[in-house]
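Participant: When you get a sec, could you give me coordinates for this:
(4 chains)
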There are 2 protein chains.
Amino acid sequence: MDGIAKPTGARLRDSALTDDISFLLARANALSLAAGNAALAPLTLRARSYSVLELAAGQARPTQRELAEFLRLDPSQVVALVDELQGQGLVARESDPADRRTKVVVATPLGREVCEAARAAATAAEQHLHADVSGSDRHLLVDLLRRLAFPT
Amino acid sequence: MDGIAKPTGARLRDSALTDDISFLLARANALSLAAGNAALAPLTLRARSYSVLELAAGQARPTQRELAEFLRLDPSQVVALVDELQGQGLVARESDPADRRTKVVVATPLGREVCEAARAAATAAEQHLHADVSGSDRHLLVDLLRRLAFPT
DNA sequence: TATTGTTATACTCTATAACTATA
DNA sequence: TATAGTTATAGAGTATAACAATA
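Facilitator: Down below sits the predicted model:
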């Protein structure tokens, strides 16, 4: 699982890619996703399903359409993710009487419990992976990443 | 406040995900990847194949194994990507006389030309997408992202 | 015996279009 | 007509194992 901590391809770091934000995002995301999925696997969750569960466990009462936009997923992917979480008893679909087309996704009591455990596992894994970015740097990073993730 | 038009999905930004570096990376990467692929499509390249081409066009003369480690891809994926670029006449495999197992991937003259055009297209798309992160913020972001992408 | 590249396979993710039921 | 959710499908990305050539 853990290899020798040798610099990965240090020979290639003089490439133009080293200044390429898109490339750095892709590589950082790949590492983060792998660590997150591994940390969530014992809860039979993945990064994707956890993100849906987290939103369903909050106060916002999101519709599937809102989940799709916020998570930048296709509505059909949200269907599959909610189906999965519903099958695990973690979320439920509630019909909105005001507009019977929409379905609000809310976490069950079990879902809220699992969500807290998942958040703890994901946070721990993330902090371990990004241990060399901490304190004020971490705060700054979150601020900058928000601007990339939600451009004006 | 009711009259202020806000982007759809803004309602959900109070979620715990808003502070989640993994989630922000995933969303930022999804946007960046889509913009990059769209910008590179006229050159019949995608973000993945462009990154291989960029490394092949440099001075490093990487082996396929080195490409796999640096790009965080499986060696079998590198085979497919190099096959594709080779079919387009953009790179060539060179055998290393010192170790005949390894194959060094180098860009052809056409490959270097296409690579420059691709870099211009990708850079323009990226700067357009991330227009609200500029100047010193951008420099800082690159530094922080490097630490996420290449952890110690 | 170990490593590089390769092939094969399966699974996840992403993108698109069409259908239904409501509005 | 338009929108929310659903279904179906194909393509891209990811992960794993096995194999031949070479070290």
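Participant: got the buried residues for the longest strand along chain A?
Facilitator: When chain A is parsed with DSSP state E, its longest strand is strand A:99-107. By neighbour count on 16 or more other CB atoms under 10 Å in any protein chain shown, the buried set for strand A:99-107 is A:103-107. In short, each C-beta sits where N, CA and C put it, glycine included.
Participant: How much space separates A:Asn29 from A:Phe23?
Facilitator: 11 Å (CB to CB, to the nearest Å).
Participant: So which of the buried residues of strand A:99-107 reach DNA strand D?
Facilitator: A:103-104 (CB under 7 Å from any atom of the strand).
Participant: What is the nearest of the buried residues of strand A:99-107 to DNA strand C?
Facilitator: A:Lys103 (10.7 Å; CB to the nearest atom of the strand).
Participant: What residue, apart from its backbone neighbours, is nearest the closest one spatially?
Facilitator: A:Arg93 (4.4 Å; CB to CB, 6 or more residues apart in numbering or on different chains).
Participant: Quickly list what that neighbour is bridged to.
Facilitator: A:Arg93 has the following beta-bridge partners by DSSP bridges: A:Val105.
Participant: these two touch, right, it and A:Ala107?
Facilitator: No: contact criterion CB atoms under 8 Å: A:Arg93 and A:Ala107 do not qualify, at 11.6 Å.
Participant: residues contacting A:Ser49?
Facilitator: The contact partners of A:Ser49, by CB atoms under 8 Å, 6 or more residues apart in numbering or on different chains, come to A:40, A:81, A:84-85.
Participant: so where does A:Asn37 fall, helix or strand?
Facilitator: helix A:21-40 (DSSP states H and E).
Participant: ok, and for that helix, which residues are buried?
Facilitator: Those would be A:21-33, A:35-37, A:39-40, for helix A:21-40 by 16+ other CB under 10 Å.
Participant: Just want the angle from it to helix B:21-40.
Facilitator: Angle of helix A:21-40 versus helix B:21-40, following axes from the mean of the first three to the mean of the last three CA atoms, to 10 degrees, is 140 degrees.
Participant: sorry, back to before: may I see the buried residues of strand A:99-107 organised as JSON lines, with pLDDT and distance to B:Val142 added?
Facilitator: JSON lines is the format used below for these (pLDDT from 0 to 100; distance: CB to CB, whole Å):
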{"residue": "A:Lys103", "pLDDT": "97", "distance to B:Val142": "41"}
{"residue": "A:Val104", "pLDDT": "98", "distance to B:Val142": "40"}
{"residue": "A:Val105", "pLDDT": "98", "distance to B:Val142": "37"}
{"residue": "A:Val106", "pLDDT": "98", "distance to B:Val142": "40"}
{"residue": "A:Ala107", "pLDDT": "98", "distance to B:Val142": "38"}
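Participant: Quick one: check the longest strand of chain A for contact with DNA strand C.
Facilitator: Yes: residues of strand A:99-107 contacting DNA strand C under CB under 7 Å from any atom of the strand: A:99-101.
Participant: Which elements pack onto that strand?
Facilitator: helix A:47-57, helix A:64-71, strand A:91-96 (3 or more CB pairs under 8 Å, 6 or more residues apart in numbering or on different chains; DSSP states H and E).
Participant: Could you figure out how far it is turned away from helix A:64-71?
Facilitator: Going by the same axes, to 10 degrees, strand A:99-107 makes 50 degrees with helix A:64-71.
Participant: ok, then the element right after strand A:99-107?
Facilitator: By DSSP H and E, the next helix or strand past strand A:99-107 is helix A:109-129.
Participant: CA atoms of that next one as CSV?
Facilitator: Taking C-alpha atoms only, helix A:109-129 is exported to CSV below (Å, rounded to 0.1, in the frame of the first residue of the first chain):
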residue,chain,number,x,y,z
PRO,A,109,-31.5,9.1,10.9
LEU,A,110,-29.2,6.2,10.0
GLY,A,111,-28.0,8.3,7.0
ARG,A,112,-27.1,11.2,9.3
GLU,A,113,-25.1,8.8,11.6
VAL,A,114,-23.2,7.3,8.7
CYS,A,115,-22.6,10.8,7.3
GLU,A,116,-20.8,11.9,10.4
ALA,A,117,-18.7,8.8,10.4
ALA,A,118,-17.9,9.3,6.8
ARG,A,119,-17.0,12.9,7.3
ALA,A,120,-14.6,12.0,10.0
ALA,A,121,-13.0,9.3,7.9
ALA,A,122,-12.8,11.5,4.8
THR,A,123,-11.4,14.4,6.8
ALA,A,124,-8.8,12.3,8.5
ALA,A,125,-7.6,10.8,5.2
GLU,A,126,-7.5,14.2,3.5
GLN,A,127,-5.5,15.8,6.3
HIS,A,128,-3.1,12.9,6.3
LEU,A,129,-2.6,13.2,2.5
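Participant: got the residues of chain A near DNA strand D?
Facilitator: A:30, A:34, A:63-65, A:68, A:75-76, A:78-80, A:82-83, A:93, A:99, A:101-104.
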